[in-house]
Every structure is written in C-alpha cells, then in structure tokens.
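[1] Generate a structure from the sequence data that follows.
(one chain, ligands or ions: 1)
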Amino acid sequence: MKEINVNVAIKVVMPDELTADDRELVERAKAMTRTSYSPYSHFQVGAALRLADGSVYGGSNQENAAFPVGLCAERTAFFYAQAQAPELAPVAIAIAAFTGGKFLEKPISPCGMCRQALLEAETRYGQPIRVMLYGESGIYVVNSVRDLLPLTFDGSEMI
Ligand code: THU
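    Numbers count the residues shown, from 1 in each chain. Predicted structure coming up:
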C-alpha cells in the first residue's frame, strides 16, 4: 500500500502582522459584511478581492427565498471582478463573517464551491491567489487556493 500525505502550511497571524495592503483587504472584507443580504441565515459574509493592478472588488452573500439561488460573498466579489477586468489576475482575497452581533472568533471557512470557483482563476492566469480568512482570534493565511482544495479537479485532463 502506498500513502499520499497532503501537507498544507497555514499561517495564523494577527492584523498587525499583515502588510498594509493585506490589512486593508481584510478591513474591506469586514466592511463588506454590512452589505450582505442574509435574512434567512443571519450570517453576513464579506469578501474583498485584489487584482494584479492593485484594484479591489468587494462582495457579500446575497440570499433568496429559494435558497440555492443565493450566492456566497466570495463568488459575488470574484465574478464581479472578473466581469469588470478579465485581463487582470486576482492575487489575493480576504473573507470575513459577522453573525449574532460579532465577527466569528474562528476564521471563516469558505465553501467548496467558492474554492472550486477561485481555483479556476489560478489555472486561468497561471498564478496563485493568497487567501486570508478572518477570525477575531487570528487570521489564517494560505498562499494558494489549491492549499484549500487538495486533489483538485481543474479540467486539465479534459480533451
Ligand atoms: N456563505 C458565504 O457567503 N461564504 C462562505 O464562505 C460561507 C457561507 C454564505 C452563504 C449563505 O448566504 C450563508 O453564508 C449561510 O450559509
């Protein structure tokens, strides 16, 4: 029997350990939670995505009475950015969640569909996206979406 081990390096940092740019991105993600439309889950998620030219696009989760129709904050920000500037690679994304009157203590964990969606941009532009997951107790930082989605399906085997 063979065994494959997947190792992922996750840095856990406080805001003052981030660069000024990354701290700003996290602050923007936190601010974006206020634009969430989440009357069903009461879980307000904000995301901020930085493109290669330094521009930042924000998004928040948008829900619907027909639940599957809604969209997560990450994909709202990502698709918005891609639609405005398809020539620019996304380089970093920050995500935050606010519920019950406070930001999550533990870092927010993005859903599988958002991981898959963001991964496609790494393949499309050939460069990794740094991901920052905000929690009051610390911020998880990984250098690539691939780290959050091992054994990725990226379409490379399709003819
Ligand atoms: N949600 C996000 O927007 N991003 C995440 O990373 C996790 C979940 C949203 C979807 C739904 O509107 C609400 O949070 C509860 O699942």
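
[2] shaky segments in this structure?
    Within the chain, no range satisfies pLDDT under 70.

[3] what does this structure put close to the ligand?
    38, 41, 43, 45, 61, 63, 70, 72-74, 95, 108, 110-111, 114 (CB under 6 Å from any ligand atom). All C-beta spots, glycine's among them, are computed from the backbone N, C-alpha and C.

[4] List buried residues within these.
    38, 43, 45, 61, 63, 70, 72-74, 95, 108, 110, 114 (16 or more other CB atoms under 10 Å).

[5] what sits against residue 81?
    Residues in contact with residue 81 (CB atoms under 8 Å, 6 or more residues apart in numbering) are 49, 51, 55, 57, 88, 90.

[6] from those residues, which is closest to residue 80?
    residue 57 (5.2 Å; CB to CB).

[7] Test my guess that the closest one contacts residue 51.
    Yes. Counting by CB atoms under 8 Å, residue 57 does reach residue 51; the two are 7.2 Å apart.

[8] Mind checking which of those two has more residues around it?
    Ranked by neighbour count (other CB atoms under 10 Å), residue 57 and residue 51 place residue 57 first, with 23 against 19.

[9] quick check, that one in a strand?
    Yes. Checked against DSSP: H, G, I helix; E, B strand; the rest coil, residue 57 lies within a strand.

[10] Now do the same for the nearest residue to it once chain neighbours are set aside: helix, strand or coil?
    Nearest in space to residue 57, with sequence neighbours left out and distances taken as CB to CB, 6 or more residues apart in numbering, is residue 81 at 3.8 Å. Three-state call for residue 81 (three-state DSSP): helix.

[11] how close does residue 81 get to residue 12?
    Residue 81 sits 27 Å away from residue 12, going by CB to CB, to the nearest Å.
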